[in-house]
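J.: no letters, just coordinates:
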């Protein structure tokens, strides 16, 4: 496989080894690194840490709601928990871990030695990390160094006027706003880097229509990020001007409008859903074909659908605002635009099913998570179409039905595919396989817990249970449903603990993986596990969309699709 005469170049199959030296030197190397692979690993570990933190906050919420008239935590602590949980999962787990995968994989997949701007890449990670630290410092410094600590309690959406100094004293909201401002700059830096790397650093022969679908979707995500993060950043600046310099952007009593904040936030907020879910699609696009032993069905359609989602997603934000009193024309427009975005999304579902149909399916752990994702994403899409109809949304807006739909997307699609990616690319990163028995136990427990939680969460929403409620009376009929939902959360927590144990155990005792344990066909599997610092000794040369498969099977006509 390492023959210099082969079409993708001379490949170094010698695993990368950590530099010899003391622990201090080793740690210093990680802190100052500009290697895209190390930075990708740092993103993933950072996000997994905050996954534990955010999951703990979610369990506190669920324990509070598990039975009527509960006083497990105080109302003030409850408000802080759901604010920090939502902010953590979106900004400190979802975005960093998915951009971490892109950091690690995009240069390897396109045959490059690093990202286009390695120092900007490092700066972007450390800005993101500092933003997370700043957010959680609010537990200590929310009321200043000499006051009582207080995390923000205004929800992850921070609607005005809750964020004014009249309603929210101290500095908790400032920590929230400034932390997202800082992480936003880190995210913008990463997005610029991915765009530049994908456009300008592809290896010889890799045209845009030979680009792995993972790279195509991360290019789309990065372009969408450049559009969507900027309104949120502007809103944070306006919020701080309101709070400290006498501006009144969001102060209705002084001529401002709380709806301005809602518009700015959701102009970011709904594209943000696609910023999170498109990388999940990208992961499925790599895993499903490999474990179906078939090339991806409809590659051009998948590319077109991804680009279409980017364009349509910036015009659907106000379906979050049907109940604020928009005109009937505005309601009709945002209903229609939201339904239209189901078309490119449906194309993707059909293409995944067509890829699996008739394939030689291997249900290893990554494929199990991706198969569940396809079904669950379909369900979340159907409930999303329901909520896109403004009359239906009037009935269910700000109910737990919306919470169930939102988590069906975030957990049922994004988290499931994050786990699929971790199992799939763990051998490339560590050089060792994760334990399959533990992986399947993790999958089934997490699947059961997910459906116990989020299937049954729709029911109290239909019965009228509002979001953000602290407790409720037994007569409302929500108690049994909430207990089932909370039990499902316990299943998910146990499953995540098994996964974390599997990661550590496999790093120490896992079976050696070799360069290509899955018999895949993209370029990251053509180098050692883990890859050397320089990735490829000689720039690869490719002639199709699956260069490694061509290398292994040069005379197999059944796999030609160009």
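T.: Received the coordinates, thanks. Since the structure is predicted, the reported quantities are computational estimates derived from the model, not experimental observations. Numbers count the residues shown, from 1 in each chain.
J.: let's verify residue 470: helix, strand, or coil?
T.: coil (DSSP: H, G, I helix; E, B strand; the rest coil).
J.: pLDDT value on it, please?
T.: In this prediction, residue 470 carries a pLDDT score of 92.
J.: wouldn't it be in contact with residue 69 here?
T.: No - applying Cβ atoms under 8 Å as the test, residue 470 and residue 69 come out as separate, 10.5 Å apart. For every residue, glycine as well, the C-beta is placed using N, CA and C.
J.: for these two, indicate the residue with more neighbours.
T.: Neighbours of residue 470 and residue 69, each counted by other Cβ atoms under 10 Å, are more numerous for residue 470; the result is 17 against 9.
J.: contacts only, for the more buried one.
T.: Counting by Cβ atoms under 8 Å, 6 or more residues apart in numbering, residue 470 makes contact with 64, 75, 78-79.
J.: which members of these define the maximum pairwise distance?
T.: Within these, 64 and 79 form the most distant pair, 11.0 Å apart (Cβ to Cβ).
J.: neighbour-wise, which of those two wins?
T.: Comparing residue 64 with residue 79 by other Cβ under 10 Å, the one with more neighbours is residue 64, at 23 against 19.
J.: my guess is the more buried one contacts residue 72, does it?
T.: Yes - if you go by Cβ under 8 Å, residue 64 and residue 72 touch, sitting 4.6 Å apart.
J.: does residue 403 touch residue 467 like I think?
T.: Yes - under the contact definition of Cβ under 8 Å, residue 403 touches residue 467, with a separation of 5.6 Å.
J.: higher neighbour count, these two?
T.: Taking other Cβ under 10 Å, residue 403 and residue 467 do not tie; residue 403 has more neighbours (21 against 15).
J.: got the contact list for stretch 88-97?
T.: 43-44, 46-48, 50-51, 53-54, 57, 128, 131-132, 135, 156, 179-180, 183, 187, 272, 275-276, 410, 414, 418.
J.: can you give me the strands for the chain?
T.: For the chain, applying DSSP state E gives no strands.
J.: by average pLDDT, which secondary structure element in it comes out worst?
T.: helix 547-552 (a mean of 82; mean pLDDT, DSSP states H and E).
J.: roughly how far out does it sit from the chain middle?
T.: Helix 547-552 has its C-alpha centroid displaced from the chain centroid by 30 Å (Cα atoms, centre = their mean, to the nearest Å).
J.: cool, stretch 411-431 as well?
T.: Worked out by Cα atoms, centre = their mean, stretch 411-431 lies 12 Å from the chain centre.
J.: could you list the buried residues of that stretch?
T.: 411-431 (16 or more other Cβ atoms under 10 Å).
J.: look up the pLDDT of the closest residue to residue 163 other than its chain neighbours for me, please.
T.: In space, and not counting its chain neighbours, residue 163 is closest to residue 173: 5.0 Å by Cβ to Cβ, 6 or more residues apart in numbering. Listed pLDDT for residue 173 reads 91.
J.: and residue 173, how far is that from residue 505?
T.: 42 Å (Cβ to Cβ, to the nearest Å).
J.: go on, residue 250?
T.: Using Cβ to Cβ, which is the criterion applied here, residue 250 is 50 Å from residue 505.
J.: more neighbours: which of these two?
T.: residue 250 (27 against 14).
J.: OK, contacts around the more buried one?
T.: Counting by Cβ under 8 Å, 6+ apart, residue 250 has contacts 160-161, 163-164, 238-239, 242, 256-258, 260-261.
J.: contact partners for residue 183?
T.: By Cβ under 8 Å, 6+ apart, residue 183 lies in contact with 91-92, 95, 127-128, 131-132.
J.: hmm, back to that, out of the contacts of residue 250, which comes closest to residue 29?
T.: residue 239 (38.9 Å).
J.: what's the nearest residue to that closest one if we skip its chain neighbours?
T.: residue 177 (5.2 Å).
J.: my read is that the one you found contacts residue 238, right?
T.: No - between residue 177 and residue 238 there is no contact under Cβ under 8 Å: 9.7 Å.
J.: the two: which is more packed in?
T.: Using other Cβ under 10 Å, the more surrounded residue of residue 177 and residue 238 is residue 177, with 23 against 20.
J.: for that one, give me its contacts.
T.: Contacts of residue 177 (Cβ under 8 Å, 6+ apart): 158, 163, 236, 239-240.
J.: how about a cut-off of 7 Å?
T.: Neighbouring residues of residue 177 by Cβ atoms under 7 Å, 6 or more residues apart in numbering: 236, 239-240.
J.: hmm, back to that, how far away is the residue nearest to residue 163 from residue 391?
T.: Taking Cβ to Cβ, one finds residue 173 at 35 Å from residue 391.
J.: neighbour-wise, which of those two wins?
T.: When residue 173 and residue 391 are compared for neighbours, residue 173 comes out ahead with 26 against 9, by other Cβ under 10 Å.
J.: now do the contacts for that one.
T.: 152, 154, 163.
J.: closest to residue 323 out of the residues you listed?
T.: Set against residue 323, the nearest of the contacts of residue 173 by Cβ to Cβ is residue 154 (19.2 Å).
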